[in-house]
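Visitor: Provided below for reference: sequence and predicted model.
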Amino acid sequence: MRLALLLVMMMGAGMAESAASAATCSPADIAATATALQDSRFALSQLPPHAGTSTAISPRTSSAITQTKARLVDFVTAYMGCQRSTADAQGIQVDLSRLGWAKAPDPNSSSGSATDGFRADPSLAFDVRPFAGGLLGVTARFGIPCGGDTLLMLFQIRGDDWDEILRVQSGPYRDLADAYQDFDYAISPADDSGGWFLVEKHLPTICISVSAAITYSVLRMGPAPSRPRHLFSGHDPIYWGGEDYGRLTVDADGFEIRFHDDGGDRAEPVEVVRAFTVSGNSVKPAQRSLAE
């Protein structure tokens, strides 16, 4: 109880008033889920180093990653249960980062090498973005061996509360290549009927390489936040030695993604443009440009 009261004081008077007025709000739950998240991140970072360049991981590491994602969902859900419709994205990001003990990656330290093994660094970063139609996206990126994984929780204002309506995350995996490294997303403007779609892109986590495959997909709301409707998925070779992780542009009728290919037999990689139209649940290639 003392921890819950301290948490309310940390969150400020405005959130304390929200906590008193919302039936789904529990400062004690926020405190408990934040502590559980911290514990799972620490346990993941303390696992034996991941040796070699292979991205296959042990069941123990796989379980620790899955648990960390589940506790991230619990923490964000508990926190958003105490937010009212007047909450702003920047304030939410600051709160999540502080209460969740977020930690930026240290650019001066290395998580390891192929010889010594790679540890999961204890980094955690939240990003919160507002969108039209009362939508709010919360992404959480956390460290895993050789890189990071990311999950997205999309909320919408309903009445005076934020309800989760769509979640994007990697499934349980035994290979780091299935993680959502360098994740980004965009949401289309609503059409005449109020419908919209989400486009996400990510790269795999790899231990040593400058070539990989960029994966991108189109989703709409599904029967549950954790079960979105997948309309389309594509992937292409990508060169990320120049820190080009792909760029998304979305409008009401489709989307475009730009990236540099792996070069093949050429001396230098070249920019690739993939454009698609989205109509209802149909996604088709298109010849167009949405970029500047």
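Guide: Sure thing, it's come through. Numbers count the residues shown, from 1 in each chain.

Visitor: Burial check on residue 232, number of neighbours?
Guide: 17 (other C-beta atoms under 10 Å). To be clear about C-beta, it is placed using only N, CA and C from the backbone, and glycine gets the same treatment.

Visitor: Just say helix, strand or coil for the residue nearest to residue 38 when sequence neighbours are not counted.
Guide: With sequence-adjacent residues excluded and distances taken as C-beta to C-beta, 6 or more residues apart in numbering, residue 38 is closest to residue 101, at 5.3 Å. Recorded secondary structure, residue 101: coil (DSSP: H, G, I helix; E, B strand; the rest coil).

Visitor: so what's residue 101 scoring on pLDDT?
Guide: We have a pLDDT of 95 for residue 101.

Visitor: how about it, what does it touch?
Guide: Residues in contact with residue 101 (C-beta atoms under 8 Å, 6 or more residues apart in numbering) are 34, 37-38, 41, 124.

Visitor: for those residues, which one is nearest residue 189?
Guide: residue 124 (31.4 Å; C-beta to C-beta).

Visitor: Run through the bridge partners of that closest one.
Guide: Beta-bridge partners recorded for residue 124 (DSSP bridges): residue 103, residue 142.

Visitor: Which pLDDT value belongs to it?
Guide: The model's pLDDT for residue 124 equals 96.

Visitor: number of nearby residues for it?
Guide: 23.

Visitor: isn't it right up against residue 140?
Guide: Yes - using C-beta atoms under 8 Å, residue 124 is in contact with residue 140, at 6.8 Å.

Visitor: Where does pLDDT dip in the protein?
Guide: Low-confidence segments of the chain (pLDDT under 70): 1-23, 106-117, 210-211, 241-242, 265, 288-292.

Visitor: So which residue is dead centre in it?
Guide: In the chain, the residue lying closest to the centroid (C-alpha atoms, centre = their mean) is residue 151, at 3.0 Å.

Visitor: got the contact list for that one?
Guide: 69, 72-73, 139-140, 167-170, 180.

Visitor: Neighbour-wise, which one of those leads?
Guide: Counting by other C-beta under 10 Å, top hit in the contacts of residue 151: residue 72 with 28 neighbours.

Visitor: How far off centre is the helix or strand where that residue lies?
Guide: Using DSSP states H and E, residue 72 sits within helix 59-80. How far helix 59-80 lies from its chain's middle: 12 Å, per C-alpha atoms, centre = their mean, to the nearest Å.

Visitor: Would you mind putting the CA coordinates of it into CSV?
Guide: C-alpha atoms of helix 59-80 as CSV (Å, rounded to 0.1, in the frame of the first residue of the first chain):
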residue,chain,number,x,y,z
PRO,A,59,14.2,-22.2,-24.6
ARG,A,60,15.2,-20.3,-21.5
THR,A,61,16.0,-17.2,-23.5
SER,A,62,12.9,-17.5,-25.5
SER,A,63,10.8,-17.8,-22.4
ALA,A,64,12.5,-14.7,-20.8
ILE,A,65,11.7,-12.6,-23.9
THR,A,66,8.1,-13.8,-24.0
GLN,A,67,7.7,-13.0,-20.3
THR,A,68,9.2,-9.5,-20.8
LYS,A,69,6.7,-8.7,-23.5
ALA,A,70,3.8,-10.0,-21.4
ARG,A,71,4.9,-7.8,-18.5
LEU,A,72,5.2,-4.8,-20.8
VAL,A,73,1.6,-5.3,-21.9
ASP,A,74,0.5,-5.6,-18.2
PHE,A,75,2.3,-2.4,-17.2
VAL,A,76,1.1,-0.2,-20.1
THR,A,77,-2.5,-1.6,-19.7
ALA,A,78,-2.4,-0.7,-16.0
TYR,A,79,-1.0,2.7,-16.6
MET,A,80,-3.5,3.6,-19.4
